[in-house]
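K.L.:
Provided below are the primary sequence and the corresponding predicted coordinates.
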Amino acid sequence: MIPPLSLRERRRERRTLEILEAALEIFSLDGYSNASMDRIAERALLTRVGLYKYFPDKQHLAIALREWKLEELANRIQTALESQTSFEQQIRTIAEESIDFQNEHQGFFRVLFDASVPADLSLKPFLYAVASVLEAAQKTGEVYGDPLELAGLLATMVFEPSIKQHFVIVPKPYTAPKHLPELICKVFLNGILAPSTTTKPRRKTRV
């Protein structure tokens, strides 16, 4: 059993969250490259020295921000999936929740894809949440392929609105079209669903 947090730990946790919220606001307004620790400290009602007690630099702050928001997305997806039993509806739910989350947090996703912030494992909670759905479908014979690899493929599809804003000229702010979750669902499922049992099995190729 995990012991409860002390009062000091709870206060630090709450203060950290307040700093992350302030950082998200400044990053959204100024962009990652132009945002300064001074502006973030001011928005969080801290001195610059006080901010450094929590985060040594802007890069560590951005990584913590990614971990926080992507875990929030993973939790949101897991909650939404609790009411879904059909595999196809689960995939559609993942697409819908992911795209809605991007529309609601466009400033965050600009930070997520900023080349100045190094790659890390922040996406792992999201990938594992998706992979668990795919693994269950694999066990029942509905899909074939490695669940984690397929989860990565679905991630590239559902984050298309944010990726598009970095590499395609689109209006700012950009809102993904309403039909996009359905399109992603159809394209993804078409590629991973196991062949029908009525379909003649393919002849195995000898190596």
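P.N.:
The structure has been received and is ready for your questions.

K.L.:
per-domain residue ranges of this protein.
P.N.:
1-56, 65-192 (automatic domain parsing).

K.L.:
secondary structure element for Ala151?
P.N.:
helix 147-158 (DSSP states H and E).

K.L.:
Could you list every helix and strand in contact with that helix?
P.N.:
helix 87-104, helix 124-139, helix 180-192 (3 or more Cβ pairs under 8 Å, 6 or more residues apart in numbering; DSSP states H and E). (Glycine included, C-beta is placed from N, CA and C.)

K.L.:
From Asn34, how far off is Pro171?
P.N.:
The spacing between Pro171 and Asn34, counted by Cβ to Cβ, to the nearest Å, is 21 Å.

K.L.:
Tell me which of those two has more neighbours.
P.N.:
Asn34 (10 against 7; other Cβ atoms under 10 Å).

K.L.:
The more buried one falls within a helix, correct?
P.N.:
No. Asn34: not assigned to a helix; according to DSSP: H, G, I helix; E, B strand; the rest coil it is coil.

K.L.:
of all the helices and strands packed on helix 147-158, which lies closest to Pro118?
P.N.:
Nearest of these to Pro118, taken as Cβ to Cβ: helix 124-139 at 15.2 Å.

K.L.:
for that closest one, which positions count as buried?
P.N.:
Under the neighbour-count criterion of 16 or more other Cβ atoms under 10 Å, helix 124-139 has Pro125, Phe126, Leu127, Ala129, Val130, Ala131, Ser132, Val133, Leu134, Glu135, Ala137, Gln138 buried.
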